[in-house]
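**Q** build me a model from this:
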Amino acid sequence: MFGDFKRFKVNDHAIPRVTFVAPEVARVGLNELEAIAQGIAYEVTRFDVADLDRALCDAADPQTPPSGWVKVLTAPGRGTILGVTIVATHGAEMLAEYVLAMRHGLGLNHVLQTVHSYPTWGEANKHAAGLWRRAHAPQWVLQWSRRWHDWRRG
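**A** Sure, this is the predicted structure:
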């Protein structure tokens with residue numbers, strides 16, 4: 001469109017893909033097989049939607065827990081999102097937050113710091129980010145903080 005004046009680089013790493021079946025299968029970025037094939041190191045964080053309040057509210061049968069999950073691939077030790085796969089009701093809508101994060105270089109800490117409406121399906125993204133954060137909490141800081149608070153309480 002701009003010819004010789006301006007060139008644009010296509011960024012195709014954050015293109016969402018959705019299969020509208022029940023439950024929906026939504027993806028962006030790499031999955032585990034692609035990461036292995038490309039020799040990319042990754043960590044997996046998985047959140048089961050059976051633990052999500054909105055999924056419990058929407059369940060047709062209260063005795064049968066809802067099924068589905070959010071799986072996030074990140075760079076080892078970092079919150080950089082390499083890819084996300086969501087298999088759940090409303091998975092396509094839940095994926096949009098990850099597409100935005102990947103497109104703008106935001107990691108799981110940014111997803112965790114975002115205020116999510118309660119109870120919504122999008123909260124699964126926050127919970128997945130929280131699981132990742134807890135797995136990467138610096139233990140020495142937690143131990144120091146515990147001792148300091150114990151000392152303050154007397």
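**Q** for Gln38, what are its contacts?
**A** Leu30 (Cβ atoms under 8 Å, 6 or more residues apart in numbering). Just so you know, the C-beta spots here come from the backbone N, C-alpha and C atoms, and that holds for glycine as well.
**Q** now the helix or strand that Leu82 is a member of: how far from the chain's centre is it?
**A** Per DSSP states H and E, Leu82 falls inside strand 81-88. Averaging C-alpha positions (Cα atoms, centre = their mean, to the nearest Å) puts strand 81-88 7 Å from its chain's average.
**Q** mind listing residues that contact stretch 111-129?
**A** 45-47, 49, 51-55, 57, 70, 72, 79, 86, 88-90, 93-94, 97-98, 101, 108-109, 130, 132-133.
**Q** show me what counts as buried in stretch 64-72.
**A** For stretch 64-72, the neighbour count (16 or more other Cβ atoms under 10 Å) marks 66, 68-72 as buried.
**Q** ok, back up a step: would you list the buried entries among the contacts of stretch 111-129?
**A** Applying 16+ other Cβ under 10 Å to those flags 45, 47, 49, 52, 54-55, 70, 72, 79, 86, 88-90, 93-94, 97-98, 101, 108, 130, 132-133 as buried.
**Q** before we move on, the earlier item: next structured bit after the strand holding Leu82?
**A** Sequence-wise, the next helix or strand downstream of strand 81-88 (DSSP H and E) is helix 91-103.
**Q** using PDB, write out the CA atom coordinates for that next one.
**A** What follows is helix 91-103 as a C-alpha-only set of coordinates in PDB (Å, rounded to 0.1, in the frame of the first residue of the first chain):
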ATOM      1  CA  GLY A  91     -12.600 -21.300  24.900                       C
ATOM      2  CA  ALA A  92     -12.600 -19.000  21.900                       C
ATOM      3  CA  GLU A  93     -13.500 -16.000  24.100                       C
ATOM      4  CA  MET A  94     -11.000 -17.000  26.800                       C
ATOM      5  CA  LEU A  95      -8.200 -17.100  24.200                       C
ATOM      6  CA  ALA A  96      -8.400 -13.500  23.300                       C
ATOM      7  CA  GLU A  97      -6.600 -12.400  26.400                       C
ATOM      8  CA  TYR A  98      -3.600 -14.600  25.500                       C
ATOM      9  CA  VAL A  99      -3.600 -13.400  21.900                       C
ATOM     10  CA  LEU A 100      -3.400  -9.800  23.100                       C
ATOM     11  CA  ALA A 101      -0.600 -10.700  25.600                       C
ATOM     12  CA  MET A 102       1.400 -12.500  23.000                       C
ATOM     13  CA  ARG A 103       1.000  -9.800  20.400                       C
END
